[in-house]
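I would like the atomic coordinates for the input below:
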Amino acid sequence: MVRQYIRQWRSCQYKGQSTVLSQLFSNPESPNPEFPILEELAVSGLKGSNVTDFDFFEHSPNLQAVTSFAPNPSSKLPLRQLIKITASLDSRIGMIFELCPNIITAELRQRNVRGLYPSRGLAVQRSSSPRSLTLAVREIEGDCFVEEVFRSHSLPALTELHICAFDTKQRLALDWPKEAFGVFLSNSACSITTLSFCNVGLRDSDLITILRLLPSVVDFQLQDQHNTKRSPVTSLLISCLHDGPNDQFRSSPLLPNLLSLLLDTGKDASFNDAVFVSMTRWLPEPDDSTDALIQTALQREHGREVLQTTLEFGPASSPRDEVEEMILLLNRDLADSESEIAHLQSRILFAEVQKKRLLDYKKSLQFLLSPIRRLLNETLGRVFTFACDMNTLE
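Numbering: from 1, shown residues only. Here you go, the predicted model:
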């Protein structure tokens, strides 16, 4: 019954025994089933599987994504055409991109076997195809798995790196392989722009070291909401994201090109809102912010508790030349935003007095100086021209 529909399958997911899988497709009259439109294949739960378990899918000309055990060189599965793979790796950890040379997105999962990933000094395998790499680690010997992957691969085109717990119920405290990661970056010479860690329980000092090596990151996510063993979100990390609290990390702020930041540490984590606001780097100078008021409230959003911080600034003064100088400082081009323009224009229009208009305009410019929210010079010029037309800077 199953075989008569396989030509219509675009996606196939199977979890069960190897013997049952073979029975599904066995047919003496037609030993080689065809899957003409199959694009995704996910097979799991095969105990005692062997290399022939996937030979049924040999004739799948459109197969692009596979979730399975580590690929085997003797398999008839069309590995060379795959662009996405999710695989539980065994001792052949360095072969995956050799067998699948066109992979763009890879998720490599640690197997639950002790002593499977000793540091053996494997030859480095270079692959120019992968753009995204995810490592799913377990509680036992997770550091050995991560180290083995880093030491055995060179991925020059990599732009996304994700490290996550294999099971969110596990409470990890991953010892980060600093030396192996440095070797990986040196061998790969890649520019990683997206970085995320999920429930792996890094040390704050290890995370700071990682971020220091990756100034190209523009999108950073850290989620430890299920990890109660250890969280890297500490005052040290937040301070280092700003300007560094001590000589060891004072050289420059971490992630200078950051555009998107997500920190999710769960409702039980302590949170210093004042340090976090400082980290955003768009507060006025200390002389102008003496009357700043910080208000924090815990609200519910989409069924979760969300910490919301509101800032209100006191009076200040600024001459026109200071405003013009701030415009000249905006020498980097990033995304335009019509909503930002409308917001700034409304603040200028509805100010009651000329000095208040100028003050609001200055604070708007200071906000735009943030590395997280900048506008194009052309856009800023439009806002400035609008302000002049309204006689706010005469």
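
what about residue 220, how many residues close to it?
Residue 220 sits with 22 neighbouring residues when counted by other C-beta atoms under 10 Å. Every residue, glycine included, has its C-beta placed from N, CA and C.

Can I take it that it is in a strand?
Yes: the assignment for residue 220 is a strand, going by DSSP: H, G, I helix; E, B strand; the rest coil.

Would you confirm that it contacts residue 257?
No: using C-beta atoms under 8 Å, residue 220 is not in contact with residue 257; the gap is 10.3 Å.

Where do the helices of the stretch 1-150 of the chain begin and end?
18-25, 96-99, 142-151 (DSSP state H, counting those that start in this stretch).

What's the first helix or strand after the last one?
As assigned by DSSP states H and E, the chain's next helix or strand after helix 142-151 is strand 153-154.

what's the average pLDDT for that following strand?
In this model, strand 153-154 has a mean pLDDT of 94.

next one: stretch 184-196
On average, stretch 184-196 scores 96.

check contacts around the closest residue to residue 112 other than its chain neighbours.
Of all residues not flanking residue 112 in the chain, residue 138 sits nearest, at 5.9 Å (C-beta to C-beta, 6 or more residues apart in numbering). The contact partners of residue 138, by C-beta atoms under 8 Å, 6 or more residues apart in numbering, come to 110, 112, 145, 165-167, 170, 172.

Kindly write the PyMOL command that selects the buried subset of those.
A single PyMOL command is used to select the members of the contacts of residue 138 judged buried by 16 or more other C-beta atoms under 10 Å:
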select buried, resi 110+145+165+166+170+172
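
quick revisit: now the weakest link among the helices of the stretch 1-150 of the chain, please, by mean pLDDT.
Lowest mean pLDDT within the helices of the stretch 1-150 of the chain: helix 18-25, at a mean of 65.

what about the stretch 251-394 of the chain, any weak spots by pLDDT?
Low-confidence segments of the stretch 251-394 of the chain (pLDDT under 70): 251-252, 266-394.

same thing but at 50, please
281-319, 323, 326, 330-338, 371-376, 391-394 (pLDDT under 50).

The protein - how does it break down into domains?
3-311, 320-389 (automatic domain parsing).

the strands in this protein, which residues?
11-15, 40-44, 65-69, 84-89, 105-110, 125-126, 132-137, 153-154, 160-165, 194-198, 219-223, 260-264, 293-301, 304-312 (DSSP state E).

Tell me which of these lies nearest to residue 180.
strand 153-154 (10.4 Å; C-beta to C-beta).

Contacts for the closest one, please.
94, 97, 124-127, 184, 187-188.

Nearest approach to residue 209 belongs to which of the strands of the chain?
strand 194-198 (13.0 Å).

Who are the packing partners of the closest one?
Strand 194-198 sits against strand 160-165, helix 204-212, strand 219-223, with contacts defined as 3 or more C-beta pairs under 8 Å, 6 or more residues apart in numbering; DSSP states H and E.

Any chance of the strands of the chain in CSV with distance to residue 206 as columns?
Shown next, in CSV, are the strands of the chain (distance: least, C-beta to C-beta, whole Å):
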stretch, distance to residue 206
strand 11-15, 36
strand 40-44, 32
strand 65-69, 30
strand 84-89, 23
strand 105-110, 18
strand 125-126, 26
strand 132-137, 14
strand 153-154, 20
strand 160-165, 11
strand 194-198, 10
strand 219-223, 12
strand 260-264, 16
strand 293-301, 29
strand 304-312, 25
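
and residue 235, which of these is closest to it?
strand 260-264 (13.0 Å).

Buried residues of that closest one, list them for me.
261, 263.

Could you shift the numbering so residue one becomes 11, and keep it that way?
From this message on, residue numbering opens at 11, which makes the last subject strand 270-274.

how far off strand 229-233 does that strand point, in degrees?
0 degrees (axes from the mean of the first three to the mean of the last three C-alpha atoms, to 10 degrees).

Just want the angle from strand 270-274 to strand 204-208.
0 degrees.

ok, residues contacting strand 270-274?
228-235, 243, 382.

And residue 215, how close does it get to residue 18?
Distance from residue 215 to residue 18, counting by C-beta to C-beta, to the nearest Å: 54 Å.

Looking at the contacts of residue 148, spot the one nearest residue 219.
residue 182 (18.1 Å).

these two touch, right, that closest one and residue 211?
Yes: with contact defined as C-beta under 8 Å, residue 182 reaches residue 211; the gap is 4.6 Å.

For the closest residue to residue 226 other than its chain neighbours, give its distance to residue 164.
Closest residue in space to residue 226, ignoring its immediate chain neighbours: residue 201 at 4.6 Å, by C-beta to C-beta, 6+ apart. Here the criterion is C-beta to C-beta. By it, residue 201 lies 14 Å from residue 164.
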